[in-house]
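K.L.:
Requesting a structural model of the entry that follows:
(2 chains, ligands or ions: 2)
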Amino acid sequence: MEIRLKHLTKIFPGNPKKNIPDTHAVEDLNLTIPDGKLYALLGPSGCGKSTTLNMIAGLSEPSSGEIWFGDEDVTDLSPEKRGIGLVFQNYALYPHMTVYKNVAFPLTNLRVEEKVKDANGNDVLDEEGKPLVKKRKLTKIEIDKLVRETSKIVQIEEYLWRKPSQLSGGQQQRVAIARALVKHPRVLLLDEPLSNLDARLRLQTREEIRRIQKSTGITTIFVTHDQEEAMSISDEIVVMKLGVEQQAGIPQEVYNEPANRFVANFLGTPPINFFHGEIRGNKIYIGDAMVKEITDKTLPDQKVTVGIRPEGIVPSEKGVLPFHIDQIITQGRDIIIQGDHPLETRPCKFVVDAFTDVKVGDIHCEVKPHKCFAFSLEGNEERIA
Amino acid sequence: MIKKNNWKGWLYLAPIIILMAVFTFYPLISTFSIAFMKDYDYIKQTSAGFTFDNFAIVLGLAPTNPEAPVELQGYVTDVVRYAIPNTAIITFVTVPLSIIIALAIAVGLNSIPKFQKIFQTIFFIPYVTNSIAVGMVFAVLFDYNGIVNFLLGTMGREYAWIDLGAPTWKAMIALCIYIIWSSLPFKILIFLSGLAGIDKQYYDAAKIDSAGKFKTLMHVTVPLLSPQILYVMITSFIGAFKEYDSVVGLLGKPGTDATKNMYTVVYYIYDTISQNNVHYGSAAAVLLFVVILAFTGIQFWVSKKRVHY
Ligand SMILES: Nc1ncnc2c1ncn2[C@@H]1O[C@H](COP(=O)(O)OP(=O)(O)OP(=O)(O)O)[C@@H](O)[C@H]1O
Ligand SMILES: [Mg+2]
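P.N.:
Numbering: from 1, shown residues only, chains lettered A, B, ... in the order given. Ligands and ions are numbered 1, 2, ... in the order given. Got it, this is the predicted structure:
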């Protein structure tokens, strides 16, 4: 099911008496989350990701704007009627219930519609001639079947009789996912579900989330502040800053063509390198070094911020860009070179493969043009080339 | 090293140990020993030897003076006839009711967004009010010409609740209301502090799981509050078994007629002091102790499965 957010805004009122200003947690957010896709909300801490998710879940009321599930406006619908599954940042498993009961709990509240049958198994009709439909609770047997099916998907069958406190973080997280999935929700929402896990488990569980999402085909929104996490498993991402959408799209496209300096800075590890540069005669310069020729448009001469991805800088005798290398960090497959350039905004890092022959000292580098961007110094620091 | 300085620790503890020895341990041991003494006289501190009879006498199973001629043998029957049933009624009516009411009020208070502090204060006032004053207020309420009868439209001596001539069941209703009312603030306080410690996320989770208000209360709030509920339950059962001051506070005497129809076990124990029958009182105290101990033990045992720390 497609989810659309229209001009979604959330303002937490401040206190004028105590001079506390309003917090604009989410500002005029317009998003379309395609059916059956894994969608990531990405941004630094405090940018309004959880607030957005809570509004989609119905736990928090939007100040203005609309939320649509398919062609149904759910803005004013209470959370219990929205048919969503939510995995909380710290799971919020009921500590007094066993894993089984935790997973079964949403089912015990579920009402299913069923056609009323007469003694011969034919539909009973109402006055208008339509089949009579009655709502009923699920039976114990139906609940058991669903709980076991879902436990199988997330692989928690062995722990069904344990309490949450007797599980590891990763296991708890899978239980939380099972609880969210078991009622076959229309939408699955995950709020930084991996933040409590260690690095290895995080990798493992994010693959698992991807696998579960693929196998169930549920439209899923995944909140994270970890760009690598978002990039690696999602079909589409949106990057937010202070409640405002910066850019949305397919992860690789956003990475390759960042809309502005913030997005370029936020995506990628190690982060992009920035230099004080300028555009002269439709060419991008860092100091005297011409690093890129602009071919697709004509831009007036101006000062800009030049961003170069760490993988876009390659040590080379014929290179145009001089560097002083401070430190070389070998990381198995890659080498991270930490260096300085007089026009940098912060120490530069670039990544080369492990067989590259580099030493501490002065060198020259080449710049890959498609890894090099120019950002305006004005306004939102949009990318201009 | 640690052993060397041990006397220092004892020194620091001395004041409290001495106080407890004088006011807790000594009376405790005395009670147990006096319970087994025949014809103990607490003024002269003498007794006629060791016996088990005191227990039988308190329970009305043996005459107070077996040596006397049959027609002069007296039986203590007030305990069996009044004190035990009254204490049981008080315990099994006021404890569950007050816990349920306190829980409802605490949950209600916890969910109101505005003026929460003010209401909490209001509900806490009975706790800091002098119990004699509270007893007087209730005496006015339940006077035969009091507010309760005025509201019921039944003014007059023949409709008495707590005055002379009132039937036991009416006096018992008044007494139970009084006990419940005065026990609420403490329980509400405990529940409120427990509720404050429940993570709000569980309620969000319950909403997402489509649980209704009542289901959330029964399946989320109550289990998560179960340590507080157990604590309140055990302390109030113990308190109710020992109910005495409420009878004095409300009625000022052990009955609403010529008998002791509002007797409680502890009331009887106190009465034995003025009658110089402390050995009976001690026996009753020991019996009560055993009952309370057994009861508390049962509660702990039952709660093992149901309380989630
Ligand atoms: N109840 C509230 N009252 C006032 N301000 C709030 C409230 N909840 C959140 N905020 C503010 O709204 C902004 C967005 O918060 P939100 O929790 O959505 O951030 P987030 O993107 O989820 O951050 P994180 O990655 O740290 O979880 C923050 O500036 C926060 O201080
Ligand atoms: Mg958050």
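K.L.:
Not counting residues beside it along the chain, what's closest to residue A:301?
P.N.:
residue A:280 (5.3 Å; Cβ to Cβ, 6 or more residues apart in numbering or on different chains). C-beta coordinates here come from the backbone N, C-alpha and C atoms, glycine included.
K.L.:
cool, and residue B:34?
P.N.:
residue B:282 (4.1 Å).
K.L.:
go on, residue A:278?
P.N.:
Closest to residue A:278 by Cβ to Cβ, 6+ apart is residue A:303, at 4.9 Å.
K.L.:
State the number of residues packed around that neighbour.
P.N.:
Applying other Cβ atoms under 10 Å in any protein chain shown, we find 10 residues neighbouring residue A:303.
K.L.:
I'd assumed residue A:330 was in a helix, is it?
P.N.:
No - per DSSP: H, G, I helix; E, B strand; the rest coil, residue A:330 lies outside any helix segment and is strand.
K.L.:
OK, contacts around the residue lying closest to it once chain neighbours are set aside?
P.N.:
Counting by Cβ to Cβ, 6+ apart, residue A:354 is the residue found nearest to residue A:330 once chain neighbours are left out, at 6.7 Å. Taking Cβ atoms under 8 Å, 6 or more residues apart in numbering or on different chains, we find residue A:354 in contact with A:330, A:332-335.
K.L.:
Looking at residue A:354 now. What's its pLDDT?
P.N.:
pLDDT recorded at residue A:354 is 81.
K.L.:
what's residue B:110 in contact with, if anything?
P.N.:
By Cβ under 8 Å, 6+ apart, the neighbours of residue B:110 are B:116, B:192, B:195-196.
K.L.:
Could you restrict the residues you listed to the ones contacting ligand 1?
P.N.:
Among the contacts of residue B:110, none lies close to ligand 1 by the criterion of Cβ under 6 Å from any ligand atom.
K.L.:
are any of those buried, and which?
P.N.:
B:192, B:195 (16 or more other Cβ atoms under 10 Å in any protein chain shown).
K.L.:
Next, format the contacts of residue B:110 as a markdown table and append pLDDT, distance to chain A and secondary structure.
P.N.:
Listed next are the contacts of residue B:110 as a markdown table, based on pLDDT from 0 to 100; distance: Cβ to the nearest Cβ, whole Å; DSSP: H, G, I helix; E, B strand; the rest coil:
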| residue | pLDDT | distance to chain A | secondary structure |
| --- | --- | --- | --- |
| B:116 | 79 | 18 | helix |
| B:192 | 91 | 20 | helix |
| B:195 | 93 | 15 | helix |
| B:196 | 89 | 17 | helix |
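K.L.:
Find the closest residue to ligand 1 in chain B.
P.N.:
residue B:200 (10.9 Å; Cβ to the nearest ligand atom).
K.L.:
tell me the pLDDT at that residue?
P.N.:
So, for residue B:200, pLDDT stands at 90.
K.L.:
Could you check how far it is from chain A?
P.N.:
Separation of residue B:200 from chain A (Cβ to the nearest Cβ, to the nearest Å) stands at 9 Å.
K.L.:
coming back round to it: among the contacts of residue A:354, which are in reach of ligand 1?
P.N.:
Within the contacts of residue A:354, nothing lies near ligand 1 by Cβ under 6 Å from any ligand atom.
K.L.:
Doesn't the residue nearest to residue A:278 lie inside a strand?
P.N.:
Yes - the assignment for residue A:303 by three-state DSSP puts it in a strand.
K.L.:
for the stretch 201-309 of chain B, what spans make up the strands?
P.N.:
With DSSP state E, counting those that start in this stretch as the criterion, the stretch 201-309 of chain B has no strands.
K.L.:
pLDDT weak spots in it?
P.N.:
Along the stretch 201-309 of chain B, segments meeting pLDDT under 70 span B:309.
K.L.:
Kindly report the residues of it close to ligand 1.
P.N.:
By Cβ under 6 Å from any ligand atom, no part of the stretch 201-309 of chain B sits against ligand 1.
K.L.:
Show me where chain A has its helices.
P.N.:
Under the criterion DSSP state H, helices of chain A are mapped to A:49-57, A:79-82, A:99-108, A:140-154, A:169-181, A:199-216, A:227-233, A:251-256, A:261-266.
K.L.:
quick one: which of the ones you listed is nearest ligand 1?
P.N.:
It is, among the helices of chain A and with distance given as Cβ to the nearest ligand atom, helix A:49-57, at 3.0 Å.
K.L.:
how about the closest one as CSV, C-alpha atoms only?
P.N.:
Extracted C-alpha coordinates of helix A:49-57, given in CSV (Å, rounded to 0.1, in the frame of the first residue of the first chain):
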residue,chain,number,x,y,z
LYS,A,49,12.4,11.2,12.1
SER,A,50,10.7,9.7,15.1
THR,A,51,8.2,12.5,15.1
THR,A,52,7.4,11.7,11.4
LEU,A,53,7.1,8.0,12.2
ASN,A,54,4.9,8.6,15.2
MET,A,55,2.6,10.7,13.1
ILE,A,56,2.3,7.9,10.5
ALA,A,57,1.6,5.5,13.4
